[in-house]
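Chemist: mind looking at a prediction? Sequence and model below.
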Amino acid sequence: STRGALLVFAMLSVVGALALTIANPSIIDQHLSDDAPAGHRFSWVNVRVLGILLAVMGCGFVLAGTDLGVVAGLRDLGRPGLIGVVLATWGLGSAAAGLAYGALYRPIPVTWLLVGLGATTIPVMFANSVWTFAAILMVAGIFCAPTLVAAVDQLQQAVPPRFRGQAMGWQGTAITIGNASAPPLVGWTIDHQGWRTGFLVTGAAGLVAGLLLLVAIAVRRHQLRRRRGAVTLGPDLPPDAASS
């Protein structure tokens, strides 16, 4: 029953939290020195960190919107009893991809993973049976866990060790904001336009957010190259002096 399932998973969450509390794993590598200069409590916040947190927010939006879309879609198809099976298939794709991502030698930028998550979520709107629903969602699941793992990994690299706990707390806040903002918007879309449009809105939100972040990164890198070029040429040389 729903009540039994909620109770079991809530207790599993409590047990997991207790285990982490007892183990108390360090989030700071004791072998690495923290050479970051002392500053105020938000001195660790920069453009890169904000971009990662926005990507996390977008990921949370897509995941929560997908949950809602699956329930609405399978109810409309007359197969509400298989909601759990379809969500499990989605989770299977995510779990397998998470393990594969952990084995990669070079990480994939979280923004590219968010683009993939959004792009593979949109086609779920074309599902016309439980099996096509499950198959397309399994593909979308390939980007779920890797996006979250990449965000954690890249946030830790972008933040000095002494601020890592604070940054991880803000990451949790970012994904909570994404999770909380999806149901009202996606739910309203489903009520007025149908569950298929709900997947369109959900996937498009992740896709557009990822693309905007990629554009912002490209612009910033271009600006940094221009600044480095100006410093290399010196203040007394015109910009075209290098060609001469």
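Modeler: In hand now; what should we look at? None of the values given here were measured: they were computed from a predicted structure. Numbers count the residues shown, from 1 in each chain.
Chemist: quick check: buried residues in whichever strand or helix holds residue 213?
Modeler: Taking DSSP states H and E as the definition, residue 213 sits inside helix 195-233. Neighbour counts over helix 195-233 (16 or more other Cβ atoms under 10 Å) mark 195-196, 198-203, 205-207, 209-210, 213-214 as buried. To be clear about C-beta, it is placed using only N, CA and C from the backbone, and glycine gets the same treatment.
Chemist: and the average pLDDT for that helix is what?
Modeler: Averaged across helix 195-233, pLDDT comes to 86.
Chemist: elements contacting the lowest-mean-pLDDT helix or strand in the chain?
Modeler: Least confident helix or strand, the chain: helix 195-233 with a mean of 86, by mean pLDDT, DSSP states H and E. The contact analysis (3 or more Cβ pairs under 8 Å, 6 or more residues apart in numbering; DSSP states H and E) places helix 195-233 against helix 47-76, helix 110-121, helix 164-193.
Chemist: how about the contacts made by the residue nearest to residue 200 when sequence neighbours are not counted?
Modeler: Excluding the flanking residues, the one nearest residue 200 by Cβ to Cβ, 6 or more residues apart in numbering is residue 125, at 5.3 Å. By Cβ atoms under 8 Å, 6 or more residues apart in numbering, the contact list for residue 125 reads 195, 196, 197, 198, 199, 200, 203.
Chemist: what's the separation between residue 125 and residue 70?
Modeler: Remark: distance between residue 125 and residue 70 (Cβ to Cβ, to the nearest Å) = 12 Å.
Chemist: what's the answer for residue 103, then?
Modeler: Distance, residue 103 to residue 70, by Cβ to Cβ: 29 Å.
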